[in-house]
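Student: can't give you the sequence, but here's the structure:
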């Protein structure tokens, strides 16, 4: 009896070993397939941007370029140097920077303040305020185009970078408030009470006590807002044109307005340039993505 | 002059009444414990004393000055929280001097205070550490230190030991007691732990449903509970409340439990008002530790009860007896052997009993 059960356990052990091995290999197989699937378009973009038009016409999508040829990148960034009809990204790239940096800053800051008030300085009807802000998250972009265009017109800042900063700040506040509110809810209100007894006021508590522990959520918000605003096309194309346009609008104009031959290499290089800043933000900020910096300080 | 005086204080959150007509006074140097089950309003009361909550009705006086509308920082109080509430981004030094810096105290004075308090609490080696690098006990010390450097008139403690493990809790409890003995500052201390309340307080105010049930010394709370709530809340296991009636004949009072003819003579009992006692429905209260296995004095009442259940907990055992279908718990040393399902001879110490009106549940 003893021996029998012993041997049957051995069999079961073997079986589970094989099952686990199979599942593991199957998992890696699936992961590799998906990784290839996602990396494929990027590969095509980079390879194509490094080819000459001659190479593109003769080879296939996957053919390796003959050498590192950055001509199309230079054209995409700085143009060909002749006057009319030459669209290139450089001025619009700076437009986008001028739009994104203040818009991200203001929307994050206002969101942090609002989250702070909604969690630590509760007032009558604060739930309704939060509900309406939450409602703002679900309003589609298209729905606010006309009212916003009118508002910008009245304020006299339509077709300007400042106008776009305002639009993105306003549209971003519901999201940033939501992020910060949910983060500050988890921070014990006793911290605020202790600070009040110590004599710190509204702003001092915010800047000295809450903001220093908000790094994780600030990073999340910045990544979210930066990606949203940088990649936005609809607001950019609606509220600006010509010289005030952000980079995504310019990219679209560039790709669609070529009259003669389609220059795939330049198009690909432009698309990569337009996407690089968001990648940089992810790489730089990603490592601060660690949650729970405060957890140790509060509970034993 | 009372260090703290609370008059007719009421508080509600919306339509929920949290505190009802609270009156409380503390003499200089006393240690008042607010004790009660969760949701009884004890923490709210403490927050009101601190000035962190507004008052609907009534007043709070500190040193005879009405502080009802004074900001927390100007009330000359300091508070220690359950979660310690140390500022996570600051090190121990910054945490401890934050309040003094806000109050614009001179640098020399701050350093002097910091040195004195950190030495006193033995946290002087930890000054450069962040709260996240401290153990639970150390955090608690720093939190107390942050309160101490302010040299307040009143210390407020909000369940400061609840987050510590059992062993550390007992150690810190003793330290708080020592601290109070040395500093002799007035303390208001909130807890739901009766052992903490008993061992620390010079006075205990037991609260339930926003009302103070009894405000007295630990001895009186334990020996002379003013109603059945207090009797039931204090003591572990809590006081036996046996239902029955009083019988008064020719100046002799006795207690008869429902459905029995055993008369327990209670002539020695100190009635608040000795009238209209005959046939009164009452609870006969006796603590498990006042039921003995051997006769200890002449007055002890002898009774035979059947043992139903035995709970062994090391240094003692808790026995459950059946007294006319009412459970009576008793505590004995674990060396005593008692057979279950058999009648056992027991002795009630009648000098230690309490009687409560069954209707009002008040002590009579």
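Tutor: Thanks, I have it. As the structure is a prediction and not an experimental result, all values here were calculated from the model. Numbers count the residues shown, from 1 in each chain, chains lettered A, B, ... in the order given.
Student: contacts and neighbour counts: CA atoms only from here.
Tutor: Will do.
Student: where's the closest residue to residue A:278 other than its chain neighbours relative to chain B, distance?
Tutor: Leaving aside its sequence neighbours, residue A:278 sits nearest to residue A:227 (Cα to Cα, 6 or more residues apart in numbering or on different chains; 5.8 Å). Relative to chain B, residue A:227 is positioned 29 Å away (Cα to the nearest Cα, to the nearest Å).
Student: And for residue A:152?
Tutor: On the measure of Cα to the nearest Cα, residue A:152 and chain B end up 41 Å apart.
Student: count of residues packed around residue 14?
Tutor: Unless you meant another one, I'm taking chain A. Applying other Cα atoms under 10 Å in any protein chain shown, we find 12 residues neighbouring residue A:14.
Student: You answered for a different chain; I wanted chain B.
Tutor: Residue B:14, neighbours per other Cα under 10 Å, totals 7.
Student: For chain A, just list every one of the helices.
Tutor: Assigned by DSSP state H, chain A shows helices spanning A:2-49, A:53-58, A:71-78, A:90-120, A:126-137, A:145-155, A:161-185, A:189-197, A:202-204, A:215-231, A:234-239, A:247-257, A:264-286, A:295-298.
Student: Make a markdown table out of those helices and add mean pLDDT.
Tutor: Converted to a markdown table, the helices of chain A look like this (pLDDT from 0 to 100):
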| stretch | mean pLDDT |
| --- | --- |
| helix A:2-49 | 90 |
| helix A:53-58 | 85 |
| helix A:71-78 | 87 |
| helix A:90-120 | 94 |
| helix A:126-137 | 90 |
| helix A:145-155 | 92 |
| helix A:161-185 | 93 |
| helix A:189-197 | 93 |
| helix A:202-204 | 95 |
| helix A:215-231 | 90 |
| helix A:234-239 | 90 |
| helix A:247-257 | 86 |
| helix A:264-286 | 87 |
| helix A:295-298 | 39 |
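Student: Now distance to residue B:350 too, for those helices, in TSV please.
Tutor: Listed next are these as TSV, based on distance: least, Cα to Cα, whole Å:
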stretch	distance to residue B:350
helix A:2-49	65
helix A:53-58	106
helix A:71-78	99
helix A:90-120	55
helix A:126-137	58
helix A:145-155	84
helix A:161-185	55
helix A:189-197	48
helix A:202-204	60
helix A:215-231	65
helix A:234-239	86
helix A:247-257	91
helix A:264-286	73
helix A:295-298	50
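Student: Relative to residue B:51, which of those helices is closest?
Tutor: Among these, the nearest to residue B:51 by Cα to Cα is helix A:189-197 (8.4 Å).
Student: And residue B:3, how far from residue B:329?
Tutor: Using Cα to Cα, to the nearest Å, residue B:3 is found at 42 Å from residue B:329.
Student: Please say which of the two ends up with more neighbours.
Tutor: Neighbours per residue, other Cα under 10 Å: of residue B:3 and residue B:329, the larger number sits with residue B:329, 24 against 20.
Student: what's the closest non-adjacent residue to that one?
Tutor: Closest to residue B:329 by Cα to Cα, 6+ apart is residue B:320, at 4.6 Å.
Student: Quick check: next helix or strand after the host helix or strand of the one you found?
Tutor: Following DSSP states H and E, one finds residue B:320 within strand B:316-323. Using DSSP H and E, the helix or strand that follows strand B:316-323 in sequence is strand B:326-333.
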